[in-house]
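# With the sequence up front, the predicted model follows.
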Amino acid sequence: MDQFTINLLFVGASFALYIGIAIWARAGSTSEFYAAGRGVHPVTNGMATAADWMSAASFISMAGLIAFTGYDNSTFLMGWTGGYVLLALLLAPYLRKFGKYTVSEFIGDRFYSQTARVVAVICLIVASVTYVIGQMTGVGVAFGRFLEVSNTSGLLIGACVVFAYAVFGGMKGVTYTQVAQYCVLITAYTIPAIFISLQLTGTPVPALGLFSDTASGEPLLTKLDAIVTELGFAEYTAHHSNTLNMVLFTLSLMIGTAGLPHVIMRFFTVPKVSDARWSAGWTLVFIALLYLTAPAVGAMARLNITDMMWPNGGIEGGAVSVEEIDTDPRYDWMQTWKKTGLLDWEDKNGDGKIQYYNDKSEAMTAIAEEKGWVGNELTKFNRDILVLANPEIANLPGWVIGLVAAGGLAAALSTAAGLLLAISSAVSHDLVKGAINPSISEKGELLAARIAMAVAIVVATYLGLNPPGFAAQTVALAFGLAAASIFPALMMGIFSTRINNTGAVAGMLAGLTVTLVYIFLHKGWLFIPGTNSFTDADPLLGPIKSTSFGAIGAMINFGVAYVVAGMTKETPQEIVELVESVRIPRGAGAAQNK
Amino acid sequence: MADHSTNSAQTAEADKGYWQANLRLIYISLAIWALVSFGFGILLRPLLSGIAVGGTDLGFWFAQQGSILVFLVLIFNYAWRMNKLDAEHGVDEE
């Protein structure tokens, strides 16, 4: 059986499983659709939330970004997990006590203002659309490889599948489908990592393998540092990037995680306040299983790739020949990925070998001249292909490769479809029915939802063709937007009685606008390529890249809200009492029956 | 809010104590949260560079794995202590 058939089998079987569970679970009750997780055990809810939250960014993209940068990209690992501490301590139990179903409803009620609710919805839509663009990038990579077509065709086919998946809808809301998706996703991520860890270090736990010795007795990371520096790349374990930017970027991802509406929503519906606290912990347990493995996947893949390009141990032994790449089955993965247009090589100096090195490194200039190299010949290696290509690079059996294809698609599709549902319900329910036309019929509301979904997917696909960055980087922008707008409003709503309606609205608008403008200045207006005035290599404000600006945006949000609230009318007494009641778990049982 | 009608002054006082205890726990937890990630993982990494861990140093381990493990401990510790605190202050859901 060829690889294409095996992939098709695994992807097909996993989809049949999700649909099967969706149909089985749906028969029970339709309210499950809206309140996935109600009455569900915190462990199950945690697993479902983990699947919901871990997307193409975590599964497909993150390890690749770590692999090619090393320590400096640890920010993704700390940022996307540290946010759960904020969520568990500062938001989840109180929002559960409040007892409504959406984030914008909480903001509307707490700040006793329809305007605040509409502003919250706009923030939610902006962050979610950006998030979907990142997912579409991942979907394009996964479909491109899996169907063995170009990245662009992969993206267009993927968009149709995502749309169909989201319209079919129901399966997203059913907790048990998500539990199944989590199982597929984590197995697909872990199994190849275990194989590779065993190959390289003899340790079956990849997280431990990262810090273990290789067969030669040399620690894996020491070996990796030696080989990458020999080729002129930055030392893997060392700190190179700007420290301030690293801190702000990590903070931005953390705050953003705690401000993402589709994650927060999961905590509204657990049975009790105490369960909301446990649920956040269990969610992080299931996320950590992937996140502790990811840095090992990155480092080991980097070592394997470098070894493949220099099969005889570094520069001394000579580079891999074009003939080997064309004929040796170990290099088949390069041929298949070349079809997607995301990987390419070129024998620039015509010596029949492909030299992979950092041609921008000063130290390499002399060596290159002496050896007659005229530039790096592994001309293209898209970071987003690393995780999907990883089992092929390590020469693992065909079924492992099929499993990874199924896992990558599960991660990308589930989150993309979930976000589209969130966008469409925000537009139709909160915006159209809640603000513009309260008397709209149910049919009209449904139509608005479908139109919003179609518009969102067309926009995301168009921008996904020329994405503002690799999947995880685009998703990081979405987190920055959520950090600057939603999180501060929620936190102040709970921890300060002083912040009033005007303060909250001014804070959200200021945080969102400043962050959005800063991102557009660097990534192009509405992410249209070429319309940017600055680049992240040389940002407007010192070392602060657009992906890190969310943390600054959040501070602006807090600051503006306090100043404006100080100048305007105090919060009415009944709202102060509402805040005080939200802080105490007692009486939460009643809210659930709403 | 029916509970507030009886002995409301006493209840308000107890609720205040509960909230203060909660805030104290949040402050301590967030201090540790920042210390392991921004501290050990990034800013204080040079100070930890003497402690070797499998081919690199302790700061690298905190940045890639250690901080995540500490986050887990923080959340479970918070959930456990708060659920206990709820009962002690009589503000739990039952």
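That came through, no problem.

# Can you show me the strands along chain B?
For chain B, the strands defined by DSSP state E occupy B:52-53, B:56-57.

# One more: chain A?
A:320-321, A:343-344, A:353-354, A:380-381.

# For chain B, which of the ones you listed is the nearest?
strand A:380-381 (22.0 Å; Cβ to the nearest Cβ). All C-beta spots, glycine's among them, are computed from the backbone N, C-alpha and C.

# which stretches of chain A have low pLDDT?
Scanning chain A for pLDDT under 70 picks out the ranges A:25-39, A:168-174, A:269, A:589-594.

# What is the longest helix of it by residue count?
helix A:273-309 (DSSP state H).

# Where does pLDDT dip in chain B?
Residue ranges of chain B with pLDDT under 70: B:1-7, B:94.

# swap the cut-off to 50 and go again
B:1-5 (pLDDT under 50).

# wait, what's in contact with residue 53?
By default, I'm working from chain A. Going by Cβ atoms under 8 Å, 6 or more residues apart in numbering or on different chains, A:Trp53 touches A:Leu260, A:His262, A:Val263, A:Thr283, A:Ile287, A:Thr415.

# try chain B instead
A:Phe211, B:Phe60, B:Trp61.

# What subset of these is buried?
Listed as buried from the contacts of B:Val53 are A:Phe211, B:Phe60, B:Trp61; burial here means 16 or more other Cβ atoms under 10 Å in any protein chain shown.

# Enumerate every residue touching residue 52.
I went with chain A, as the question did not name one. Contacts of A:Asp52 by Cβ under 8 Å, 6+ apart are A:Gln178, A:His262, A:Val263, A:Arg266, A:Ser414, A:Thr415, A:Gly418.

# wrong one, I was asking about chain B
Per Cβ under 8 Å, 6+ apart, neighbours of B:Ala52: B:Leu58.

# Quick check: it vs A:Val517, distance?
45 Å (Cβ to Cβ, to the nearest Å).

# and the longest helix along chain B, anywhere near chain A?
For chain B, the helix that runs over the most residues, judged by DSSP H, is helix B:8-34. Yes. Helix B:8-34 comes into contact with chain A (Cβ under 8 Å from any Cβ of the partner chain), by way of B:Asp15, B:Tyr18, B:Trp19, B:Asn22, B:Ile26, B:Ser29, B:Leu30, B:Trp33.

# Quick one: buried ones out of these?
The neighbour-count test (16+ other Cβ under 10 Å) marks B:Asp15, B:Tyr18, B:Asn22, B:Ile26, B:Ser29, B:Trp33 as buried among the residues of helix B:8-34 next to chain A.

# can you redo the residues you listed as a markdown table with distance to A:Gly138?
What follows is those, written out as a markdown table (distance: Cβ to Cβ, whole Å):
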| residue | distance to A:Gly138 |
| --- | --- |
| B:Asp15 | 47 |
| B:Tyr18 | 44 |
| B:Asn22 | 39 |
| B:Ile26 | 35 |
| B:Ser29 | 33 |
| B:Trp33 | 29 |
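
# tell me the contacts of the residue positioned nearest the centre of chain B?
Nearest residue to the geometric centre of chain B (Cα atoms, centre = their mean): B:Ser29, 2.5 Å. Going by Cβ under 8 Å, 6+ apart, B:Ser29 touches A:Val85, A:Leu89, B:Leu74, B:Asn77, B:Tyr78.

# Need the buried ones from the residues you listed selected in PyMOL.
For the buried members of the contacts of B:Ser29, the matching PyMOL selection, counting by 16+ other Cβ under 10 Å, is:
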select buried, (chain A and resi 85+89) or (chain B and resi 74+78)
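
# In JSON lines: the contacts of B:Ser29, plus distance to A:Leu431.
JSON lines is the format used below for the contacts of B:Ser29 (distance: Cβ to Cβ, whole Å):
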{"residue": "A:Val85", "distance to A:Leu431": "32"}
{"residue": "A:Leu89", "distance to A:Leu431": "31"}
{"residue": "B:Leu74", "distance to A:Leu431": "37"}
{"residue": "B:Asn77", "distance to A:Leu431": "40"}
{"residue": "B:Tyr78", "distance to A:Leu431": "36"}
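
# Among the contacts of B:Ser29, which one sits closest to A:Leu147?
Taking Cβ to Cβ as the measure, A:Leu147 lies nearest A:Val85 of the contacts of B:Ser29, at 40.2 Å.

# how close does the closest one sit to chain B?
According to Cβ to the nearest Cβ, to the nearest Å, A:Val85 stands 5 Å off from chain B.

# now swap in A:Asn390 and tell me
Relative to chain B, and taking Cβ to the nearest Cβ, A:Asn390 is found at 18 Å.
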